[in-house]
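Undergrad: mind folding the following:
(one chain, ligands or ions: 1)
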Amino acid sequence: MTRKAAQNIVALVYDFDGTLSPGNMQEETIFKAYGIDKRKFWAKSQALVHRRGYEQTLAYLRLLIDDPVFKRKPLRKAYLKKLARNVLYYPGVAEGYFDQLGHFMEAIPEVAECGIKLEHYIISSGLKEILDGTSIRKYFKQVYACEYDFKGGRPVFPKLVINDTNKTQFLFRINKGKFKLSESINQHMPEEGRRIPFRNMVYIGDGITDVPSMTVMHKSGGNAIAVYDPSRRVPREVKEMVAEKRAEHFAPADFRPDKLLVKILHRTLKKIIYSIAYRSSSDRSSDWVRRHM
Ligand SMILES: [Mg+2]
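TA: Alright, predicted model coming up:
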């Protein structure tokens, strides 16, 4: 029998490009360092997809190994980490957002009463080596992104590919607390044995590539928020995600304390915290009754 988990952990799960960061991490880091024309690179990548039948993510991962510029100067692991300092963030992300959210939680009495903890996760189709080098890495419990196998410091083969549809696998890993790829997540695990139930999870993403993840969140009783570039008008895909009930809220990707997104997050966190407190008091009542019947 599976032991009942405390289920007092709350998870915020973020997409990266377009959600925490404007644009695309490869463009700000690798392309600028190598002087690569982004349109030409993505056109080559699309050519692999359309002419050779490559999966989208595998196509760009192959080019980062095989394209002549990378043959001449391979993308070494340490160099990718170093390039991470050029990653751009939306307002607030690298200026206190994570600590402020922690303080917001601490101010709610139920958080200490029920031992509630907040964890942050990234699930991205970008490169893990870049994400591991970012200044905000320390705030995340796990970062899931595409990974190469490196031999002698050079990337030889992608050992993990994350695309829009298999992103959902990592939601289940977070849900079941089975973080390592070597751990199977296919076995049935009763709801009460799961480390973080979906109702305690919030997914934050920006686009069409997040639709499968938001759909899983929605169907499983979780929470989803769609964000968009604050300098643009509300994009059509964001409107559709809300209209089709894949995301319950949408807001500009501005993570500063007085902004709409943070207000929505506060409200969502309060809902989750009070629900955890409510369940724990109802559990105590039924335990008492069971002992006194
Ligand atoms: Mg994105």
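Undergrad: any residues touching the helix or strand of the chain with the lowest mean pLDDT, and which ones?
TA: Of all helical and strand segments in the chain, the minimum by mean pLDDT, DSSP states H and E falls on helix 236-243, at a mean of 89. With contacts defined as Cβ atoms under 8 Å, 6 or more residues apart in numbering, helix 236-243 is touched by 206-208, 210-211, 214, 224, 226-228, 247-250. C-betas here are computed from N, CA, C, even on glycine.
Undergrad: ok, which of those residues also contact the ion?
TA: Checking the contacts of helix 236-243 against the ion by Cβ under 5 Å from the ion, the ones in range are 206-207.
Undergrad: among the contacts of helix 236-243, which are located in strands?
TA: Residues of these located in strands (DSSP state E): 224, 226-228, 249-250.
Undergrad: most widely separated two among those residues?
TA: Distance extremes for the ones in strands among the contacts of helix 236-243: the farthest pair is 224 and 228 at 13.9 Å, using Cβ to Cβ.
Undergrad: distance check, the closest residue in space to residue 234 that isn't next to it in sequence against the ion.
TA: Nearest residue to residue 234, sequence neighbours excluded (Cβ to Cβ, 6 or more residues apart in numbering): residue 228, at 6.1 Å. Using Cβ to the ion, to the nearest Å, residue 228 is found at 10 Å from the ion.
Undergrad: residue 228 contacts residue 205, correct?
TA: No: the criterion here is Cβ atoms under 8 Å, and residue 228 misses it with residue 205 at 10.4 Å.
Undergrad: pLDDT on the longest helix anywhere in the chain, on average?
TA: Criterion DSSP state H: the longest helix present in the chain is helix 260-291. For helix 260-291, mean pLDDT rounds to 94.
Undergrad: tell me which parts of the stretch 101-250 of the chain are close to the ion?
TA: Contacts of the stretch 101-250 of the chain with the ion, taken as Cβ under 5 Å from the ion, map to 206-207.
Undergrad: residue 196 is in contact with residue 177, isn't it?
TA: Yes: applying Cβ under 8 Å as the test, residue 196 and residue 177 come out as touching, 7.0 Å apart.
Undergrad: how about the strands of this structure, start to end?
TA: 9-14, 117-127, 140-151, 154-160, 201-205, 223-228, 249-252.
Undergrad: reformat those as JSON lines; add distance to residue 188.
TA: Below are those laid out as JSON lines (distance: least, Cβ to Cβ, whole Å):
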{"stretch": "strand 9-14", "distance to residue 188": "21"}
{"stretch": "strand 117-127", "distance to residue 188": "23"}
{"stretch": "strand 140-151", "distance to residue 188": "23"}
{"stretch": "strand 154-160", "distance to residue 188": "25"}
{"stretch": "strand 201-205", "distance to residue 188": "19"}
{"stretch": "strand 223-228", "distance to residue 188": "24"}
{"stretch": "strand 249-252", "distance to residue 188": "32"}
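Undergrad: buried set for the least confident helix or strand of the chain?
TA: Buried residues in helix 236-243, counting neighbours by 16 or more other Cβ atoms under 10 Å, are found at 238, 241-242.
Undergrad: neighbour count winner among residue 196 and residue 177?
TA: Neighbours were counted for residue 196 and for residue 177 using other Cβ atoms under 10 Å; residue 196 has more, 23 against 15.
Undergrad: how far away is the more buried one from residue 144?
TA: For residue 196, the distance to residue 144 (Cβ to Cβ, to the nearest Å) stands at 15 Å.
Undergrad: got the buried residues for stretch 256-264?
TA: Neighbour counts over stretch 256-264 (16+ other Cβ under 10 Å) mark 259, 261-262, 264 as buried.
Undergrad: ah, wrong one, I meant stretch 58-69
TA: Judged by neighbour count (16+ other Cβ under 10 Å), stretch 58-69 contains these buried residues: 58-65, 67.
Undergrad: by contact count, what packs against the longest helix of the chain?
TA: The contact analysis (3 or more Cβ pairs under 8 Å, 6 or more residues apart in numbering; DSSP states H and E) places helix 260-291 against strand 9-14, helix 97-106, helix 109-113, strand 201-205, strand 223-228, strand 249-252.
Undergrad: how about TSV for those, with mean neighbour count added?
TA: Below are those laid out as TSV (neighbours: other Cβ atoms under 10 Å):
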stretch	mean neighbour count
strand 9-14	23
helix 97-106	16
helix 109-113	14
strand 201-205	26
strand 223-228	26
strand 249-252	20
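Undergrad: tell me, how many residues neighbour residue 82?
TA: 15.
Undergrad: which ones are touching it?
TA: residue 133.
Undergrad: do you know how far it is from residue 282?
TA: The gap separating residue 82 from residue 282 is 52 Å, by Cβ to Cβ.
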